[in-house]
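Participant: Have a look; sequence and predicted model below, questions after that.
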Amino acid sequence: MAVDSDEQLMKALAKGSEDALRELYGRHAGTMLRLLQRLVSDRSVAEEIMQEAWLAVWQAAGSFRGDSSVRGWLLGVARRQAHNRLRRQSAPTTELSEAVAVADPTVDIEAQVLVKADLMALADAVAALPDHLREVVILTVVDELPYRDVSAVLGVPVGTVKSRMAHARVRLAAAIGPGRT
C-alpha cells in the first residue's frame, strides 16, 4: 500500500478530498497545536484556533504552490489564524518550557543541577529576545523546521530568517556570557 506524500495529499485536498484532510491532520496536527500553544499559552484557545486553521486549510488548499513544505505551509496558516485571533483579543504570552530539556538521569545530581541552570539561563535568554527573533529560534530549534519552512511560516524571505537567527545567536551568546557555554 503506497503512502501518499504531503504534496499529493494537498493536491487531493484542493480537489475536495476529506480523506486527504484527515491524513494531513493526522500527520501535522500535533506540531500545529504545539506552535499554537506557544503563541497563546492556553490549550483550549489553541485548540479553537487549530480548528479555525484546519477550516482555512480546507478552504485554501488550492493556493498551496509548493514554495515550502506542506508542513511549513500548514504552520503558516495556523500562525496567521493565531495572530488574527490575538489581534482581536489581548497580547500573546509565550511558554518556553518546551525549550528546556530534561537532564540525563544517569548524570550525578551536581551535574544535573549545573545542566539545568545552564538550560534555564538559555530559556531565560530566549524569553528575553524580541518576538521576531524568539519566533525564529523556537521554530528552528524546538520545532526543528528548516529555514525554508520557517520562511513560509513567518511570511518573510529565507535571508531574513538567516539574519534573524544570526542576530539571535549573538544576543543569546551575550546573555549567557563567557564561561557559561
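Facilitator: Now that the structure is in, tell me what you want to look at.
Participant: So which residues of the protein form helices?
Facilitator: For the chain, applying DSSP state H gives helices covering 6-14, 18-40, 43-60, 70-88, 109-128, 131-137, 147-154, 158-176.
Participant: Can I get those helices in a markdown table including mean pLDDT and mean neighbour count?
Facilitator: Quick note: C-beta positions are derived from backbone N, CA and C, even for glycine. What follows is the helices of the chain, written out as a markdown table (pLDDT from 0 to 100; neighbours: other CB atoms under 10 Å):
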| stretch | mean pLDDT | mean neighbour count |
| --- | --- | --- |
| helix 6-14 | 92 | 18 |
| helix 18-40 | 91 | 18 |
| helix 43-60 | 91 | 16 |
| helix 70-88 | 87 | 20 |
| helix 109-128 | 64 | 14 |
| helix 131-137 | 89 | 19 |
| helix 147-154 | 88 | 22 |
| helix 158-176 | 89 | 16 |
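Participant: which non-adjacent residue is nearest residue 29?
Facilitator: residue 50 (6.9 Å; CB to CB, 6 or more residues apart in numbering).
Participant: residues contacting residue 6?
Facilitator: Residues in contact with residue 6 (CB atoms under 8 Å, 6 or more residues apart in numbering) are 24, 27, 69, 70, 71.
Participant: could I get these as a markdown table with distance to residue 160?
Facilitator: Output for the contacts of residue 6, formatted as a markdown table (distance: CB to CB, whole Å):
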| residue | distance to residue 160 |
| --- | --- |
| 24 | 27 |
| 27 | 28 |
| 69 | 18 |
| 70 | 22 |
| 71 | 20 |
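Participant: Kindly indicate which of these lies nearest residue 59.
Facilitator: Checking those against residue 59 by CB to CB gives residue 24 as the nearest, at 13.9 Å.
Participant: mind listing what the closest one touches?
Facilitator: 6, 9, 10, 13, 57, 70, 74.
Participant: cool, residue 64 as well?
Facilitator: Counting by CB under 8 Å, 6+ apart, residue 64 makes contact with 10, 14, 70, 73.
Participant: Now flag whichever of the residues you listed is closest to residue 140.
Facilitator: Closest approach between these and residue 140, by CB to CB: residue 73, at 16.9 Å.
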